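Novice: My questions are about this predicted structure, shown below with the sequence.
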Amino acid sequence: MAAAAGTWGKGRPHYAWVVLACAIAIGAVSSGVRMSFGVLIDPLAEQYGWSRGAISGASSVMFLSSIPLLLGAGLMADRMGARRICLVAATGTATGMFLTGTMTHLWQFYLYYGFLLGGFAMIFVVVLPVLLMRWFHRRAGLALGLVWAAMAVGAMTAPPILRWLISSAGWRQAFFLTGIAASAVMFVAVFFLRGHPREVGTVPYGAMARTSAPDAEGPPPRPTLTLGQVRRTSAFWHLINLHFLGCVGHSIILVHVVSMAIRAGVPGLTAAGVLSAMAGASIAGRLASPMVAERLGGRKTFALVFLLQGLPVFLLFWADLPWQFYLFALVFGPGYGGETPPFPVVSRQYYGANSPLNSINGWQLAGAQVGMALGAWLGGALFDLTGTYAWSIAAAAIFTLAGLWSVRALPTHRPGEVVLAPAGRGAARGGAGD
């Protein structure tokens, strides 16, 4: 056996880095347009006279309607390949952007922005991380961290750009221009994506090549576990529960922290900056957590991330000055940003590289979307019942720290091994152990 080789890579960088560059571009653009919702509320209210509550309903549509899309995309990516599903996602996202610029009714905003743009853009979050797991035998954590950091940068930079375009060129022209630019980036990147190293006659980055080049036309490797076997492991459900609980916790914060600051007397523009500070601070967690998971496994990584996300929430009980809210954002951001990126790494450690990772990731993200929708509603409902955000803050901390129970129940991973049993030997139940 020799070092990683194949027909691609003789005198060139490994094609895995091309795939990573494409994933970074797609992640930044799709996340940017999807996370620009907050800058749309005031222009829509002014132009159409819609209530802010009605406009915000599109956010709930985005979370809830994406659940069947995520589950379906994960299943189809395992059967048809990631590249085809990314093409479907890019087409749906681009269509949503162009149609949003033509809307005149609220139901159209829900359909075009909430379902098409928001829902189809979420498909990338299922497929791209697993695609990188296929391409990187080594440095998978770094690759994942870079893509998630790019998503955070997109979420920071796209909203002010879109807001400027709306102010300068008008609502319809802004979405038309954004649609052209974003579509060009996504479709060019998808063109250069490859679903598996076999397609360019090589092996994953850092893997050992066989004496003959991989057969690009041959069938994909047989899964070590079927999805049915995976679902019979307790680790499968604990990971979904972790994503659900963590997303309830940080959804309360993301949706309501600006209102918390304004009610404490912080000026509106300064209060809005808390979200940007949080997004910036999240980059550190997005970069680091998948690399930590590669070295330490899921239990230690998720324990650290959930503590970093849950404990800083208590600072909000005493925050009433701008610097205190910004301090909270900087402390909370790394834990919040570090929650999602480790999941594909941990799934590969538990179930193996040839397991149905897209489907597994789709189920985990479906749990996350339910959590995001519940948290956004719960934070406001508790305020309406009590007239204070104290109970919302408490709920954010309780839901997040409750995730430590599922962390304790996860099996321990040791480097170089797949934790749960492959097909033919029975699916092992995930359980605690050191």
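Specialist: Sure, I can see it.

Novice: where are the low-confidence patches of the stretch 151-300 of the chain?
Specialist: Along the stretch 151-300 of the chain, the parts satisfying pLDDT under 70 run over 208-224.

Novice: Let me see the ranges of the helices in it.
Specialist: 171-192, 227-231, 234-263, 268-296, 298-310 (DSSP state H, counting those that start in this stretch).

Novice: So which of the ones you listed is nearest residue 146?
Specialist: Of all these, helix 268-296 sits nearest to residue 146, with 7.1 Å by CB to CB. Placement of C-beta: from N, CA and C, glycine included.

Novice: roughly how far out does that closest one sit from the chain middle?
Specialist: 13 Å (CA atoms, centre = their mean, to the nearest Å).

Novice: got it, and stretch 238-252?
Specialist: For stretch 238-252, the distance to the chain centre is 12 Å (CA atoms, centre = their mean).

Novice: next one: stretch 309-320
Specialist: 24 Å.

Novice: how long is that stretch end to end?
Specialist: This stretch, stretch 309-320, spans 20 Å end to end (CA to CA, to the nearest Å).

Novice: which other residues reach it?
Specialist: Stretch 309-320 is contacted from outside by 246, 249-250, 253, 257, 260-261, 264-265, 324-325, 327-328, 331-332, 335-336, 338-339, 389-390, 393, 396-397, 400-401, 403, using CB atoms under 8 Å, 6 or more residues apart in numbering.

Novice: Drop anything exposed from the residues you listed.
Specialist: Buried by 16 or more other CB atoms under 10 Å: 246, 249-250, 253, 257, 260-261, 264, 324-325, 328, 331-332, 335-336, 338-339, 389, 393, 396-397, 400-401, 403, out of those.

Novice: quick check, residue 122 in a helix?
Specialist: Yes: under DSSP: H, G, I helix; E, B strand; the rest coil, residue 122 sits within a helix.

Novice: now residue 303: how far from residue 17?
Specialist: 32 Å (CB to CB, to the nearest Å).

Novice: let me fix that: residue 261
Specialist: From residue 261 over to residue 17 (counting by CB to CB), the distance is 41 Å.

Novice: Then residue 180?
Specialist: Taking CB to CB, one finds residue 180 at 28 Å from residue 17.

Novice: same check, this time on residue 412
Specialist: 32 Å.

Novice: what do you get for residue 257?
Specialist: For residue 257, the distance to residue 17 - CB to CB - is 37 Å.

Novice: and residue 62, what element?
Specialist: Here residue 62 sits within helix 52-80, counting by DSSP states H and E.

Novice: Flag every buried residue along the next helix or strand along the chain from that helix.
Specialist: Sequence-wise, the next helix or strand downstream of helix 52-80 (DSSP H and E) is helix 82-100. Neighbour-count burial for helix 82-100 flags 82-86, 88-100 (criterion: 16+ other CB under 10 Å).
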